[in-house]
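Student: When you get a sec, could you give me coordinates for this:
(chains A and B)
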Amino acid sequence: MKNLRLKAARASLDMSQQDLADRVGVSRQTINAIEKGDYNPTINLCIAICKVLNKTLDELFWET
Amino acid sequence: MKKKSKTAIVLVLASLAVFVLMLVFMPEGSLREKLSTSVTVENGKASPEYSQIVIEIDNSGEYVINPDWYENDRPGFLTGFSVLDESGRCVYSTVGGLLKIESKPLELAAGKYICRIDHLCSADVLETFLTMHPEAGPIPGAAEWFSDGKWEMTYSLKVFEADSGFGDILVIGAGVVLGILLAALIVTLSRDWNTKPGKYDERQIAEQGKSYKLAFYTFLACATVMIVISDVLTKYVEMRLQLFIVFLIVAAVMLTHSVMHDAYFRMDESRRFYVIFFAFLTVFNIGIGIRHLIAGEAIVDGVFTFIGFANLLCGVLSAYLLLLIFIKKLRDREED
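Tutor: Numbers count the residues shown, from 1 in each chain, chains lettered A, B, ... in the order given. From the prediction side, this is the model:
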């Protein structure tokens, strides 16, 4: 399932996939894969992304 | 001095040291000669009656002589092969229609030797040859060979030291070490050490795991096929070549999954550097492979040889890797 909330949060801070990837220490393709729903990140990476985007885990990754 | 430069210098010096080691232990006295000639047999007479190659042995010692005149087209004569020293004494002789043979180790003094190739086109000529070289005969069914016609013959001759086995192992071992050192040098040069340490991220590591799993299943499948058909296949393809093909298939499966899922290159690696390196590897290996094909080493006695095809297949694999990188780049561009 696509993670549109992550994409929206990133776009709202005017960050590219590469910018976010550099900040959390992964490749651009990994951010792309998370946004497309092709890859489920580990909790460590989720936390790192949340910190960079000033969001909570629930806001970005919790699925109801 | 930067750490990258220091590491690169150490690797270059180590590579040079190993290269020198290879030269020191390279077996001496190994030589190859080739002779192409057109032989016409008319009314039981061959023209020319014989051909010859002169070889020069630099150092006295034990040598193995390996004449080879395997042709796809069976000629209408038998070939008598003899090696004469400078005084005209015969040191080795053999006779056959189409054959690839290796002599027992022969004690040869330094000097020139004439390798004479007689075209034995009738029973009388054969008998004369066997009278002079009784150790070469007898030849059962010789009469079936004699017929009129014209044939393009290619004779090849290899002479190498009989005790070069240990030297060969050292040279091959040094070659492997040299390859590892050069690979380490390439990794060092391709990394950007000023920004962040070269590493794979968690998704890349997970994808690599899938690549290895796929490669393992591929290996099991190939091994199963080999067990079933190896007996038949060995008649046409050398066992070493069969195993090498399996190795290449497994590597190709792993490369395909890794490259297409961005798990082949580290995050900070320069792809351009690798593309140049693999392009060089492709050209280099295919060039050597074509040379083997032209030299007729690819198929010996109707069997596909490892020596003849190893480089060509390596070239094909590196070309395939380049193609994968190119396709992945196009797909990434579309996604962007």
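Student: Just the helices from the stretch 51-200 of chain B, written as ranges.
Tutor: Assigned by DSSP state H, counting those that start in this stretch, the stretch 51-200 of chain B shows helices spanning B:123-132, B:165-190.
Student: Centre of the chain to whichever strand or helix holds B:Cys314, how far?
Tutor: Assigning secondary structure by DSSP states H and E places B:Cys314 in helix B:306-335. Remark: helix B:306-335 is offset 21 Å from the chain centroid, using C-alpha atoms, centre = their mean, to the nearest Å.
Student: So for it, what gets flagged as buried?
Tutor: Neighbour counts over helix B:306-335 (16 or more other C-beta atoms under 10 Å in any protein chain shown) mark B:306, B:308-322, B:324-325, B:328 as buried. From N, CA and C alone the C-beta is placed, and that goes for glycine too.
Student: what helices or strands is it leaning on?
Tutor: helix B:239-260, helix B:271-294 (3 or more C-beta pairs under 8 Å, 6 or more residues apart in numbering or on different chains; DSSP states H and E).
Student: Now do the shortest one: which elements does it pack against?
Tutor: It refers to helix B:239-260. Contacts defined by 3+ C-beta pairs under 8 Å, 6+ apart place helix B:239-260 against helix B:202-233, helix B:306-335.
Student: how far is that helix from where the chain is centred?
Tutor: Averaging C-alpha positions (C-alpha atoms, centre = their mean) puts helix B:239-260 19 Å from its chain's average.
Student: same check, this time on stretch A:2-18
Tutor: 7 Å.
Student: Kindly report the same for stretch B:209-221.
Tutor: The answer for stretch B:209-221 is 28 Å, by C-alpha atoms, centre = their mean.
Student: can it be found next to chain A?
Tutor: No - using C-beta under 8 Å from any C-beta of the partner chain, stretch B:209-221 never reaches chain A; the gap is at least 11.5 Å.
Student: Confirm A:Asn44 sits in a helix?
Tutor: Yes - counting by DSSP: H, G, I helix; E, B strand; the rest coil, A:Asn44 is part of a helix.
Student: so how far is chain B from it?
Tutor: 8 Å (C-beta to the nearest C-beta, to the nearest Å).
Student: That residue: neighbouring residues, count only.
Tutor: Residues near A:Asn44, counting by other C-beta atoms under 10 Å in any protein chain shown, number 10.
Student: Over to B:Val303?
Tutor: When neighbours are defined as other C-beta under 10 Å, B:Val303 has 14 of them.
Student: what about it, distance to chain A?
Tutor: For B:Val303, the distance to chain A - C-beta to the nearest C-beta - is 45 Å.
Student: B:Gly76 now?
Tutor: 67 Å.
Student: looking at it, that residue is touching B:Ala143, isn't it?
Tutor: No - between B:Gly76 and B:Ala143 there is no contact under C-beta atoms under 8 Å: 11.7 Å.
Student: who has more neighbours, these two?
Tutor: More crowded of B:Gly76 and B:Ala143, by other C-beta under 10 Å: B:Gly76, with 20 against 10.
Student: tell me the pLDDT at the residue lying closest to B:Leu255 once chain neighbours are set aside?
Tutor: Nearest residue to B:Leu255 in three dimensions, chain neighbours excluded: B:Leu321, at 5.6 Å (C-beta to C-beta, 6 or more residues apart in numbering or on different chains). The model reports B:Leu321 with a pLDDT of 94.
Student: residues touching B:Leu321, list them.
Tutor: By C-beta atoms under 8 Å, 6 or more residues apart in numbering or on different chains, B:Leu321 lies in contact with B:Leu255, B:Val259, B:Phe278.
Student: didn't the last one look like it was pressed against B:Ser318?
Tutor: Same thing as B:Phe278. Yes - at 4.9 Å, B:Phe278 counts as touching B:Ser318 under the criterion of C-beta under 8 Å.
Student: hang on, the earlier thing: any idea which of the helices and strands packed on helix B:239-260 has the lowest pLDDT on average?
Tutor: helix B:306-335 (a mean of 90).
Student: Specify the angle between that one and helix B:271-294 in degrees.
Tutor: 150 degrees (axes from the mean of the first three to the mean of the last three C-alpha atoms, to 10 degrees).
Student: relative to helix B:239-260, how tilted is helix B:306-335?
Tutor: Using the same axes, to 10 degrees, the direction of helix B:306-335 lies 10 degrees away from that of helix B:239-260.
Student: thinking again about what came up before, burial-wise, tell me which of the helices and strands packed on helix B:306-335 comes out on top.
Tutor: The highest mean neighbour count among those, using mean count of other C-beta atoms under 10 Å in any protein chain shown, belongs to helix B:239-260: a mean of 18.
Student: same question for that helix, mean pLDDT?
Tutor: Across helix B:239-260, pLDDT averages out at 94.
Student: just to revisit the earlier point, between the helices of the stretch 51-200 of chain B, which gets the lowest average pLDDT?
Tutor: helix B:165-190 (a mean of 71).
Student: Heading C-terminal from the strand or helix carrying B:Val20, find the next helix or strand.
Tutor: In this assignment (DSSP H and E), B:Val20 forms part of helix B:3-25. The helix or strand immediately downstream of helix B:3-25 is strand B:31-42, counting by DSSP H and E.
Student: going on from that next one, what's the next piece of helix or strand?
Tutor: Following strand B:31-42 toward the C-terminus (DSSP H and E): strand B:45-47.
Student: What is that next one packed up against?
Tutor: strand B:31-42.
Student: Can you list the strands that the strand it packs on pairs with?
Tutor: strand B:45-47 (antiparallel), strand B:149-161 (antiparallel) (DSSP bridges).
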